[in-house]
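Colleague: here you go, sequence then predicted model.
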Amino acid sequence: MDPFVALADPVRRDLLRALASGPARVVDLAARHPISRPAVSKHLRVLTEAGLVTAEDRGRERHYMLARPGLAPVRALLDELAGHRPPIPESAFDALDLEVRRTVHDRRAGTDAAPGTGRPQEEWA
């Protein structure tokens, strides 16, 4: 199962938050939610199928743990999205070039005009 499908449900996301602090039993996880223990078990099954959770039998109890490697596709998508920046349009560079040229010209002329105002520095305030 796709981890993004599993993460779409708020109950499953909350179960992952709980498991991030350490292993837990179904009964402990169910106590945190207003839904039945079988419903929590179904959510855990979906998370297990998505590779986000693992289960380990300890005697008569089953303990669930967060499977951090299962989050790799989610992390990869977030890293990809964070790395994409919209390109700076050429017109922005043209405007910057114009402002730099204007500033250099004003300084050479001795007016030190306030940026974008054309007013001498003494009148800035």
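Modeller: All right, it came through fine.
Colleague: what helix or strand is the residue sitting nearest the centre point of the chain located in?
Modeller: Within the chain, one residue has its C-alpha closest to the average C-alpha position: by C-alpha atoms, centre = their mean, that is Leu78, at 5.9 Å. Here Leu78, judged by DSSP states H and E, is contained in helix 72-83.
Colleague: okay, now the closest residue in space to Val11 that isn't next to it in sequence: neighbour count?
Modeller: With C-beta to C-beta, 6 or more residues apart in numbering as the criterion, Val11 has its nearest non-adjacent residue at 5.5 Å, and that residue is His43. Backbone N, C-alpha and C define where each C-beta goes, glycine included. His43: 24 surrounding residues under other C-beta atoms under 10 Å.
Colleague: could you report the pLDDT at His43?
Modeller: At His43, the predicted lDDT confidence score is 96.
Colleague: now the one 3 residues further on
Modeller: Residue-level confidence at Val46 comes out at 96, pLDDT.
Colleague: what's the closest non-adjacent residue to it?
Modeller: In space, Val46 is closest to Ala6, 5.3 Å off (C-beta to C-beta, 6+ apart).
Colleague: could you check the helix or strand containing that neighbour and say which residues are buried?
Modeller: Under the criterion of DSSP H and E, Ala6 resides in helix 3-7. Taking 16 or more other C-beta atoms under 10 Å as the neighbour-count basis, helix 3-7 is seen to contain the buried residues 3, 6-7.
Colleague: of these, which is the nearest to Leu96?
Modeller: Distance from Leu96 was checked for each of those by C-beta to C-beta. The minimum falls on Leu7, at 41.8 Å.
Colleague: coming back round to it: now do the contacts for the residue nearest to Val11.
Modeller: In this structure, His43 makes contact with 9, 11-12, 15, judged by C-beta atoms under 8 Å, 6 or more residues apart in numbering.
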